[in-house]
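Visitor: Got a sequence here, can you model it:
(one chain, ligands or ions: 2)
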Amino acid sequence: MVIKKNIKSKLTKPKLTFDRLGQISFTLKEVTKIAFKVKPRLLIAVFVLNAIWGLSSVPTFYLEKLIIDNLVKAAGNPNWQPLFYSAIVFTGLLALLSLLRSSLGGLNGFLRRTLSRYFDGELDILMGSKISELDLATIEDPDFRDKLDKIERESGQRAWGLMMPLSDIPNYLVGFISSAGVLLLIHPLVSVGIFVVSIPSFLIDSKFIKKEYELNGELAPKYRVWGWIGHYLTRNRNFMEMKILRISNHLKEKMGVLINEILSKQTSLHKKRELYSFISSLPLTIYDFAFSVLLVFWVIVGKITIGSLQFYLRSLRNAEQNLSGLVSSFLEIYENYIYVADLIWFLNLEPELKGHKKSIQLAGKRKSSIEFENVWFKYPRSNKWIVKSADFKINQGEKIALVGENGAGKSTLIKLLGRFYQPQKGKILVNGVDLEETDISELREKLAVLFQEFEIYPFSAKEAIGYGDTARLGSLDEIKKAAQKTGIDKFIESLPLKYDNPITPEFEKGVRPSLGQYQRFGISRVLFRKDAQTLILDEPTSNVDPEAEEKIFKELVKITRDKILIFVTQRFSTVRIADRIFVMHEGRIIEEGTHHELMRANGKYARLYNLQAQAYKI
Ligand SMILES: Nc1ncnc2c1ncn2[C@@H]1O[C@H](COP(=O)(O)OP(=O)(O)OP(=O)(O)O)[C@@H](O)[C@H]1O
Ligand SMILES: [Mg+2]
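Guide: Ligands and ions are numbered 1, 2, ... in the order given. Coordinates of the predicted model:
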């Protein structure tokens, strides 16, 4: 037998580059791609408007120059009127320009906020749909969970942090180019100088951003524990137990220590960052001072007018501001690099258990079947065989009960049948087709499973049952029939909104069903899944009262007359309906037969059965 490769080893890590430019361009590209996919027109509008805003600053400075030059010429000039009038015209133009700028600014802010909200929403959709595609082994992997938690925790804040700098880039770029163009008129070296003196602060900032990544990576597991404690402290399902155990104080203390540890590390890094960025800004301040002195000298010797001094100084400051804005936008984007790299890695993950396209559809009069051929399985990251040498065949119409102690591997066997994991040895065949070759979605369409840890859908009673087959969510009559089969219909009819009633108190008019009632919802959901060839129920009635249990099993037998029914149970009262009983012990099926056969064999089954029967006799 070939031992198949462990799934975990295939969970590739995201590719990280440590070349800064590579990281910036990667992040820019990927984020623009997502934003473009969400709202292309909005993104273009934001870019264009921002560029116009950036372009509008130099004309403002030029108008200011003209006004000042006119005023200087007019002062003490007997022929001042024409100069005064043109100054008024320039001032008017300046006012118009500033009106344009402020309305552009408002519009831009609005569009950016809208874009970032859509971006946020799109991320939620993308992530949700990706999770539904991935394998259970991947989703249960702790590394994967850490990364996903990080992505989820940061996603809201990151969407904003990515959109803002991205949309600012055209503004800063155009602003810088136009102001630097003005400085070129003086000397090309003036423009180059700004670049040179900005380098220290760029280097320092990017160094600290990298340090912050590293720190965040180091703190990620701590954040995770923080999140879990917060969850336990506020989740009311645990409220009663926590009150009795009085663990709130212990948890609060634990959380306090964690928060302190996380925040003190972050604060000390932030302090250093502030200090270094102050020092790194000094060259720019000195450069600015030297340039101002030169311009003042030129005014005095009559080389330039006072208006030009103002024009050049304003252009220099604008170039400086735009350059530093541009650099910090790039750095902000770069700051999101790890997040975006994780996100893109996550969005590009592919399920390992792909399956092929072989159909399990039954042609002609062939009957459905499930076969396990010497199947061995252990969970990823574990060395213990959980299913050992499972070898059996179940035919259409058969009802199989699976019994055995806790941890024997019953639920695992069911998960293997749903192809949620890949066995390391052996084969599982459905209708004669190896699961490795089947079309997984088709396989799952033919299955109706109520897992031991089944889901509670709180939206409405109708949906809690109808989700068994979303295509038939509109058939209320059928939903009602499925509800009748488990007897949950009486409970639903008693609710104020009946089938539209939410089944969690968190929604308006919502109620909280009891555990057994929830279980009946779950079974109804499985029964509503009409096209399933196989029904699997993992301890479906563990919380259901005996009367309802009997009714439910009667229904199950009726419904599955020409289907396969597999159910796990700890109650021997229900086992008798099975055609065959499999007794599992430490991963092996150690006994197999009808109730009478197993009783006669006087093995484990007989012992367990007598144990329960005895308890009732006392
Ligand atoms: N996702 C998992 N990852 C690692 N080990 C697991 C996982 N799920 C189950 N196991 C282990 O596999 C063993 C069998 O678990 P399984 O849930 O199949 O038992 P079971 O027979 O259904 O028990 P129960 O009667 O308690 O439902 C247990 O020892 C359990 O610790
Ligand atoms: Mg189980």
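Visitor: ok and the residue in this protein nearest ligand 2?
Guide: S411 (3.1 Å; C-beta to the ion). Quick note: C-beta positions are derived from backbone N, CA and C, even for glycine.
Visitor: tell me the contacts of that residue?
Guide: For S411, the contact set (C-beta atoms under 8 Å, 6 or more residues apart in numbering) comprises F451, Q452, D538, V568.
Visitor: wait, is it part of a helix?
Guide: Yes: counting by DSSP: H, G, I helix; E, B strand; the rest coil, S411 falls inside a helix.
Visitor: in the stretch 251-400 of the chain, which spans are helices?
Guide: 282-300, 306-335, 337-347 (DSSP state H, counting those that start in this stretch).
Visitor: still on that earlier bit, can you tell me which of the contacts of S411 are also in contact with ligand 1?
Guide: With the criterion set as C-beta under 6 Å from any ligand atom, the members of the contacts of S411 near ligand 1 are Q452.
Visitor: Go through the contacts of S411 and give me the one with the most neighbours.
Guide: V568 (24 neighbours; other C-beta atoms under 10 Å).
Visitor: Does it touch S542 like I think?
Guide: No: in this structure V568 lies outside contact range of S542 using C-beta atoms under 8 Å: 9.4 Å.
Visitor: count of neighbours near the closest residue to L495 other than its chain neighbours?
Guide: Take L495 and drop its neighbours on the chain: the residue closest to it by C-beta to C-beta, 6 or more residues apart in numbering is N501, 3.8 Å away. Counted with other C-beta under 10 Å, the burial measure for N501 works out to 20 neighbours.
Visitor: In contact with N501, which residues?
Guide: S460, A461, I492, L495, K509, G510, V511.
Visitor: quick revisit: just the ones of the contacts of S411 in strands?
Guide: Mapping the contacts of S411 onto strands (DSSP state E) picks out D538, V568.
Visitor: Name the spans of this protein whose pLDDT lies under the cut-off.
Guide: Filtered on pLDDT under 70, the chain yields the residue ranges 1-20, 156, 236-238, 240, 354-355, 362-365, 617-618.
Visitor: Go ahead and report the secondary structure state at the nearest residue to A578 once chain neighbours are set aside.
Guide: Spatially, and ignoring its direct neighbours in sequence, A578 is nearest to A401 (3.6 Å; C-beta to C-beta, 6+ apart). Assigned with three-state DSSP, A401 falls in the strand class.
Visitor: so what's A401 up against?
Guide: F567, V568, T569, T574, V575, I577, A578, R580, I581, F582.
Visitor: what number of residues lie near Y85?
Guide: Count around Y85 with other C-beta under 10 Å applied: 11.
Visitor: what about it, helix or strand, and which?
Guide: Assigned by DSSP states H and E, Y85 belongs to helix 81-133.
Visitor: Could you dump the helices of the stretch 251-400 of the chain into CSV and include distance to S264 and mean neighbour count?
Guide: Below are the helices of the stretch 251-400 of the chain laid out as CSV (distance: least, C-beta to C-beta, whole Å; neighbours: other C-beta atoms under 10 Å):
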stretch, distance to S264, mean neighbour count
helix 282-300, 29, 14
helix 306-335, 21, 20
helix 337-347, 22, 20
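Visitor: Out of the ones you listed, which is closest to P142?
Guide: Counting by C-beta to C-beta, P142 lies closest to helix 337-347 out of those; the figure is 15.1 Å.
Visitor: so what secondary structure elements neighbour that closest one?
Guide: helix 20-38, helix 81-133, helix 142-186, helix 188-234 (3 or more C-beta pairs under 8 Å, 6 or more residues apart in numbering; DSSP states H and E).
Visitor: Pretty sure Y337 sits against G22.
Guide: No: judged on C-beta under 8 Å, Y337 makes no contact with G22 at a distance of 9.5 Å.
Visitor: how far away is A95 from I68?
Guide: As judged by C-beta to C-beta, to the nearest Å, A95 and I68 stand 16 Å apart.
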